[in-house]
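Asks: predicted structure and sequence below. I'll ask about it afterward.
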Amino acid sequence: MRHATIFRYSIPFSGGAVLRDAQPKTRDGLILRLTEDRREGWGEAAPLPKFSRESLAQAETDLRNAAQRWLEYAAPPEDSCPSAAFASSCAQAELDGVLPEARATRGALLCDGDLDTFIARLRASSNIALAKLKIGRDTPEREGERINLLLSMFPYLRLRLDANRVFTLDEARRFAQKIALPFRARIDFIEEPCVDSLTSLAFAQETAIAIAWDESARETGFVVQAVSGVAAIVVKPTLTGSIAHCRALCDAARRQKLSAVISSSIESTLGLTQLARLAAWLTPETPHGLDTAHLLGTQVLRRWRDCETPKLDIDDLEERWRA
Ligand SMILES: [Mg+2]
């Protein structure tokens, strides 16, 4: 016998600085549970406001639709929005036992806005080798000086930076000029430095600072391709779609000798732990971008390593639908 249930959560969110401009107070999402005989599988659909194209209501409709089809032993719908496609593929993969249990533990430490707090965090954990920072909120010169300072303070630190397309070419150049030449090789990449991909490529080629595709990798017609100056693509399953779709992207990146970085869209710890399992499975050689559990006030169903916040269990979730 097959059963499906959809739950909803709404948990305190304090990551406004990570979500450019958007300052929501809660993070809301849906959880799908599929059960068949004694096996069960879980998945999470949590569209990220301002980043996802679909609303939570759309995700709920699509998730219910996918669950209904599963109950009828029909093939999954092909037109599910990305978050619902990701959720139902995770639930299915857990149920079928094809999502390996091992979680990748190696990832980049995320700076959630305040540099002094971040520096304290880096000092407290002597073995941190990789960190991620958002840039592009201050003048390019001051941003560049800050990154330069960080690299000089921590001689073994490597950085991933993310500009979310805010720089003009001139601003990106002014940013780069503040970074001492020997330090530039310790920037693994800047995600989407400039307003469009051609400008970002021009920046990479003239500054010798590599770039990565994030937003561009989700645009229609995007092809994973080795291009001089491009180091990686960022894969955010909640914004991308099913496990199969994400796996195809990671495989294509590997063939092109690019890194694929499995990254968070600030899912609850249920989704995050599944992403850590995906990272161990699909990109074992690449540190992930999943350091977002501390932005949420509560964990959901499964615990994130080293995260001390309280955890919600099934009974704490709102049941939305059951069949
Ligand atoms: Mg990004």
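Replies: Okay, I see it.

Asks: the lowest-mean-pLDDT helix or strand in the chain: which residues count as buried?
Replies: Of all the helices and strands that make up the chain, helix 115-124 has the lowest average by mean pLDDT, DSSP states H and E, namely a mean of 89. Within helix 115-124, the residues that count as buried by 16 or more other C-beta atoms under 10 Å are F118, R121, L122. C-betas here are computed from N, CA, C, even on glycine.

Asks: before we move on, what about stretch 307-315?
Replies: Residues of stretch 307-315 classed as buried: T309, K311, L312 (neighbour count, 16+ other C-beta under 10 Å).

Asks: beta-bridge partners for the last one, please?
Replies: It refers to L312. V300 (DSSP bridges).

Asks: that one touches R302, doesn't it?
Replies: No: counting by C-beta atoms under 8 Å, L312 stays clear of R302, with 10.4 Å between them.

Asks: can stretch 223-237 be found next to the ion?
Replies: No: taking C-beta under 5 Å from the ion as the criterion, stretch 223-237 and the ion are apart, separated by no less than 5.7 Å.

Asks: any idea how far that stretch is from the chain center?
Replies: Its chain's average C-alpha position is 15 Å from that of stretch 223-237, according to C-alpha atoms, centre = their mean, to the nearest Å.

Asks: interface residues of this structure facing the ion?
Replies: So far as C-beta under 5 Å from the ion goes, the chain lies against the ion at D162, E191, D214.

Asks: contact partners for the last one?
Replies: By C-beta atoms under 8 Å, 6 or more residues apart in numbering, the contact list for D214 reads D162, N164, E191, E192, I233, V234, K236, S263.

Asks: out of those, who's nearest Q256?
Replies: Comparing those against Q256 with C-beta to C-beta places I233 closest, at 9.0 Å.

Asks: how near is that closest one to F222?
Replies: 9 Å (C-beta to C-beta, to the nearest Å).

Asks: likewise for T105?
Replies: Separation of T105 from F222 (C-beta to C-beta): 30 Å.

Asks: over to the closest residue to the ion within the stretch 201-323 of the chain: give its phi and psi.
Replies: Of all residues in the stretch 201-323 of the chain, the one sitting closest to the ion is D214 (3.6 Å; C-beta to the ion). Backbone torsions of D214, given as degrees, to the nearest 10, read phi -120, psi -80.

Asks: how about it: what's its closest non-neighbour residue?
Replies: Closest residue to D214 apart from its sequence neighbours, by C-beta to C-beta, 6 or more residues apart in numbering: V234 at 4.0 Å.

Asks: what are the pairing partners of the host helix or strand of the one you found, and which direction each?
Replies: Taking DSSP states H and E as the definition, V234 sits inside strand 230-235. Counting by DSSP bridges, the strands paired with strand 230-235 are strand 211-213 (parallel), strand 259-262 (parallel).

Asks: hmm, who's touching that strand?
Replies: For strand 230-235, contacts defined as C-beta under 8 Å, 6+ apart pick out 188-189, 191, 201, 204, 210-214, 217, 224, 246, 249-250, 253, 258-263, 283, 286, 289.

Asks: rounded mean pLDDT for it, please.
Replies: When pLDDT is averaged over strand 230-235, the result is 98.

Asks: same question, stretch 150-162
Replies: pLDDT averaged over stretch 150-162 gives 95.

Asks: list the buried residues in that stretch.
Replies: The neighbour-count check on stretch 150-162 (16+ other C-beta under 10 Å) flags L150, L151, F154, L157, R158, L159, R160, L161, D162 as buried.

Asks: so how far is the first residue of that stretch from its last?
Replies: The first and final residues of stretch 150-162 sit 15 Å from each other (C-alpha to C-alpha, to the nearest Å).

Asks: so which residues make contact with it?
Replies: For stretch 150-162, contacts defined as C-beta under 8 Å, 6+ apart pick out 108, 115, 119, 122, 128-135, 147, 179-180, 183, 186-192, 212, 214, 261, 289.

Asks: now, the residues you listed that are in strands?
Replies: Among the contacts of stretch 150-162, DSSP state E puts L130, A131, K132, L133, K134, I187, D188, F189, I190, E191, A212, V261 in strands.
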